[in-house]
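Enquirer: how would this look folded up:
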Amino acid sequence: AAENDDVSSDEDEVLEESPCGRWQKRKDEVTQKDVPGIDATYLAMDTEEGVEVVWNEMQFSERKKFRLQKSRLEKTFNNLTKLRHNNIVKFYKYWIDDKSEGPRVIFITEYMTSGSIGQFLRRSKKNKKGVNLKMWKRWCRQILYALSYLHACDPPITHGGLTCDTIFIQHNGLIKIGSVAPDAINDHVKTYSAPRRNLHYISPEYGQGVYTGVDIYAFGVCALEMASMELQGNGNSEDADSHSPPVGSHEAILVAVEKLEDASQKEFLRLCLASRENRLQARDLLLHQLIFEVHPLRLFAAHSLIQLDETLVNHLLAEKTASLAAAHASAPERVLAECKHADGSTFNDMTAAMHPPMDVEKVVEETRDGLFPLTSIHLPKPPATMEETPVAEVNETDKQEESFLPEQRQIVNLKVESTFKGNDEQDMIEATLTLRLDDPDHTRRVLKAAVSLWEDPLEIAKDLVTNGFINEKNADRVAAQFAFILRKAQKEQKEQRKQPARRNQQTAERAPKDAEPSTPAQSASPAPAAGLPQDASQLPPQQQQQQQQQQQQ
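Expert: A predicted model of the protein is given here:
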C-alpha cells in the first residue's frame, strides 16, 4: 500500500504551472507526439473546473526565428481560442515562454480519453471487426461538419494536419478533430525538421500552397481508411506486388478506393480525392446523397429545446416523461396514427404498444453534446472575424510576415546601416536594410531588426529568403553586406572598450608632472648622466624631446 501511495504521489507531482496558476502540468505524458508541430504533450489539471486537460508544448529551435514569427503566432493562437464547435477539441488558453533557453509556445486543450480513430482502426483490424456503413456515415458527417465550420471562418482556417490520429472519439460516440495547428506554425518548430510521417494524407498539389482543399483530400484518405480498415501509409500492404504503385502514393490510394464494394462509397471518395479544380468543399460533401440525412421531427424538437434554459428544460422533460409512461402503461392498444383509404377504411394502425416511449432526456442531452447536429440545413456560425492582430505598430516587416511566398523580384540597390547598441552584457546592433526592388514601381523596402555581433551573415540572409523578404539569388550579396557591418561593429566595440583604459593610463602619466614645482632651480637641474631614464621610451613624443634637450644642455 505504501508503494502504491508513492507511485500515486509521483504521478501527481506538479512540474510546472501556467502564469495564472489555473493549469498544472503533471509527469504523465499523453501519446499525441505524432502530431506535426507539437514536441511534447502532458496531462495537466484544471484547478478551477477540476478536470484533466492536455498541456501541449511547441519548442522553437532558434530564438531568432521565434522573434520573426512571434506576432504571427500570437494572431494564430488568438484565432484558435475563438473556435466554438462540438466537433472540435476545445482550445482553452495559450501563452508564450520566451525566458527559457529555447522559446516555447504552450497551449491547453481538451483531454480526449477514448483515443483516436487510428487507434480504433488498429484494434478493430486486429480483432477482425470492421466499421459498418451506418457508423462510417455518422463519422464522416461529423468530421465534415467541423471542417465546414473551420473553412467558413474569415479568413478560412486550414487544419493542415488532418489524419486518423488527430480525429478523436468520445465515450458517447461523438467525433472531435484536434490539433488544429495551421501549417504556418509547423515550419518553424524544432520537431518539424524530423522526418514527417503520414505523408499519404498530403494532397499532390500541397507544395503549391496551403488552402482548404488539402483538408478535403486528407479527409478522403481518412474516410477510405475507415471504410477499408487499412491504414494506407503504415508499411507494405499484404496484397502489394512488383506491379503495384508505391504504398501511400496517390495512385495506390485510388487503387484502394476501387477495391471497395459499395459503389456509392467509391463515388463519394473520388470526389474527395479529385484534382484541385474538381474537389468539392466540405459544405457540398455534406449534401451528397450518400451521407445526406433527413432529420426526424424529434431531432428538430430536441434542437429547439436546447436553445432554452437548461434548468427549465430538465423540469419540463421530467414531468412529460412521467406522464407519457403512465399513459402508455394504461392504454397500450391506443392508436397513435392511422392511414385511410378513399372508401374510408383504415390500415396500418400505429398503436402505443408498437412504439414504447423513448428516453426524451437522453435524446436532448445527446443533442446538446453535439451527437445529432442538423448537418443538412444548419451550420454553426463561425466568429465574425479572425483577423485579431496584437496591438503593435504595423511596419514593413509585419506586412511581409503575412505571407511567406518566395520573393521573385531582384534587388537593384542595397544598403545596410547599423547603430551600435552593445554593452558588456549583450552585444547587439540595430541593423537597417534598405532595398530597391526590380519592378516597374521600384518598390522600396526597409527592414529593421536587432542583430547579435556574432551572428552568422549567411544565416541572416537565409532567414530573409525563407521569410520572403529577398530573392534567393541575392542572398550572397546581402550576406556580404551584413558581414561588413558586423566586422565594423566588432571593431567599434573593441575600440570603445579600450578608451577607458587609455584615459586611465594618461591620467596616471600626467600626475607626477603636474605635481612638479615650477622653480628655476629645479628646471635647471641637470639630467642624469646615464642618459634617458629607463621608462623614457614610454613617454609621449613631446616629453621625450624635452628630456633630450635638457640632457644636451
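
Enquirer: So which residues of the stretch 301-450 of the chain form strands?
Expert: Secondary structure of the stretch 301-450 of the chain (DSSP state E, counting those that start in this stretch): strands at 335-340, 346-351, 411-420, 428-437, 444-452.

Enquirer: Could you identify the helix or strand that succeeds the last one?
Expert: This points to strand 444-452. helix 457-466 (DSSP states H and E).

Enquirer: Show me what that following helix is packed up against.
Expert: Packing partners of helix 457-466 (3 or more CB pairs under 8 Å, 6 or more residues apart in numbering; DSSP states H and E): helix 63-80, helix 475-515. For the C-beta atoms, the positions are set from N, CA and C on the backbone; glycine is no exception.

Enquirer: Just the buried positions in it, please.
Expert: For helix 457-466, the buried set under the neighbour-count rule, 16 or more other CB atoms under 10 Å, comprises Pro457, Ile460, Ala461, Asp463, Leu464, Val465, Thr466.

Enquirer: what's the closest non-adjacent residue to the second one?
Expert: Sequence neighbours aside, Phe482 is the residue nearest to Ile460 in space, at 5.2 Å (criterion: CB to CB, 6 or more residues apart in numbering).

Enquirer: same check, this time on the fifth one
Expert: In space, and not counting its chain neighbours, Leu464 is closest to Ile470: 4.7 Å by CB to CB, 6+ apart.

Enquirer: Do I have it right that that neighbour meets Gln481?
Expert: No. Using CB atoms under 8 Å, Ile470 makes no contact with Gln481, being 11.1 Å away.

Enquirer: ok, these two, which is more surrounded?
Expert: Ile470 (26 against 19; other CB atoms under 10 Å).

Enquirer: and that one, what is it in contact with?
Expert: Glu407, Ile411, Leu435, Ala461, Leu464, Val478 (CB atoms under 8 Å, 6 or more residues apart in numbering).

Enquirer: ok, 6 Å please
Expert: For Ile470, the contact set (CB atoms under 6 Å, 6 or more residues apart in numbering) comprises Glu407, Leu464, Val478.

Enquirer: any idea how far Leu453 is from Met428?
Expert: 7 Å (CB to CB, to the nearest Å).

Enquirer: got it, and His85?
Expert: Taken as CB to CB, the span from His85 to Leu453 is 49 Å.

Enquirer: With pLDDT added, can I get the contacts of Ile470 in JSON lines?
Expert: As requested, these are exported to JSON lines (pLDDT from 0 to 100):
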{"residue": "Glu407", "pLDDT": "79"}
{"residue": "Leu464", "pLDDT": "86"}
{"residue": "Val478", "pLDDT": "88"}
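
Enquirer: nearest to His295, of these?
Expert: His295 has its nearest neighbour among the contacts of Ile470 in Glu407, at 51.3 Å by CB to CB.

Enquirer: what's the helix or strand where Asp284 lies packed up against?
Expert: If you go by DSSP H and E, Asp284 is part of helix 282-286. The helices and strands touching helix 282-286, judged by 3 or more CB pairs under 6 Å, 6 or more residues apart in numbering; DSSP states H and E, are helix 133-151.

Enquirer: Pull out the buried residues from the helix holding Asp284.
Expert: Burial within helix 282-286, assessed by neighbour count using 16+ other CB under 10 Å, is assigned to Ala282, Arg283, Leu285, Leu286.

Enquirer: what about the spatially closest residue to Ala337 that is not a sequence neighbour, neighbour count?
Expert: Nearest residue to Ala337 in three dimensions, chain neighbours excluded: Met350, at 4.2 Å (CB to CB, 6+ apart). Neighbour count for Met350, taken as other CB under 10 Å: 13.

Enquirer: circling back: the strands of the stretch 301-450 of the chain: which one's closest to Ser179?
Expert: Closest among those, using CB to CB: strand 444-452, at 31.6 Å.

Enquirer: Parallel or antiparallel, list what pairs with that closest one.
Expert: The pairing partners recorded for strand 444-452 under DSSP bridges are strand 428-437 (antiparallel).

Enquirer: which residues are contacting the strand it pairs with?
Expert: By CB under 6 Å, 6+ apart, the surrounding residues in contact with strand 428-437 are 409, 411-422, 442-452, 489.

Enquirer: please redo it, this time with the cut-off set to 8 Å
Expert: Taking contacts as CB under 8 Å, 6+ apart, the residues outside strand 428-437 that touch it are 409-422, 442-453, 464, 470, 478, 481-482, 485-486, 489.

Enquirer: Show me which positions of stretch 198-207 end up buried.
Expert: Residues of stretch 198-207 classed as buried: Asn198, His200, Tyr201, Ile202, Ser203, Tyr206 (neighbour count, 16+ other CB under 10 Å).

Enquirer: quick one: the first one from Asp262, how far?
Expert: Yep, that's Asn198 we're talking about. For Asn198, the distance to Asp262 (CB to CB) stands at 25 Å.

Enquirer: now the last one
Expert: From Tyr206 over to Asp262 the distance is 28 Å, taken as CB to CB.

Enquirer: ditto for the second one
Expert: Distance check for His200 against Asp262: by CB to CB, it reads 22 Å.

Enquirer: now the fifth one
Expert: The spacing between Ser203 and Asp262, counted by CB to CB, is 24 Å.

Enquirer: what pLDDT does Phe268 get?
Expert: If you check Phe268, the pLDDT there is 96.

Enquirer: Can you tell me the SS state at it?
Expert: Three-state assignment for Phe268 (DSSP: H, G, I helix; E, B strand; the rest coil): helix.

Enquirer: what does His200 give?
Expert: The local conformation at His200, judged by three-state DSSP, is helix.

Enquirer: try Glu277
Expert: What three-state DSSP gives for Glu277 is helix.

Enquirer: Which parts of the stretch 51-200 of the chain are strands?
Expert: Residue ranges of the strands in the stretch 51-200 of the chain, as given by DSSP E, counting those that start in this stretch, are 51-59, 91-97, 104-110, 167-169, 175-177.

Enquirer: want to throw the ones you listed into a markdown table with distance to Ala227 and mean neighbour count?
Expert: Formatted as a markdown table, the strands of the stretch 51-200 of the chain follow (distance: least, CB to CB, whole Å; neighbours: other CB atoms under 10 Å):
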| stretch | distance to Ala227 | mean neighbour count |
| --- | --- | --- |
| strand 51-59 | 29 | 20 |
| strand 91-97 | 30 | 17 |
| strand 104-110 | 27 | 22 |
| strand 167-169 | 14 | 23 |
| strand 175-177 | 15 | 23 |
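
Enquirer: For Glu258, find the nearest of these.
Expert: Smallest distance to Glu258 across the strands of the stretch 51-200 of the chain (CB to CB): 24.2 Å, for strand 167-169.

Enquirer: so what does the closest one touch, helix or strand wise?
Expert: Under the contact criterion of 3+ CB pairs under 8 Å, 6+ apart, strand 167-169 touches helix 117-126, strand 175-177.

Enquirer: now for the ones you listed, which one comes closest to Glu16?
Expert: strand 175-177 (25.9 Å).

Enquirer: Glu333 and Ala326, how far apart?
Expert: As judged by CB to CB, Glu333 and Ala326 stand 16 Å apart.

Enquirer: just Thr466 next, same as before
Expert: In this view, Thr466 and Ala326 are 72 Å apart by CB to CB.
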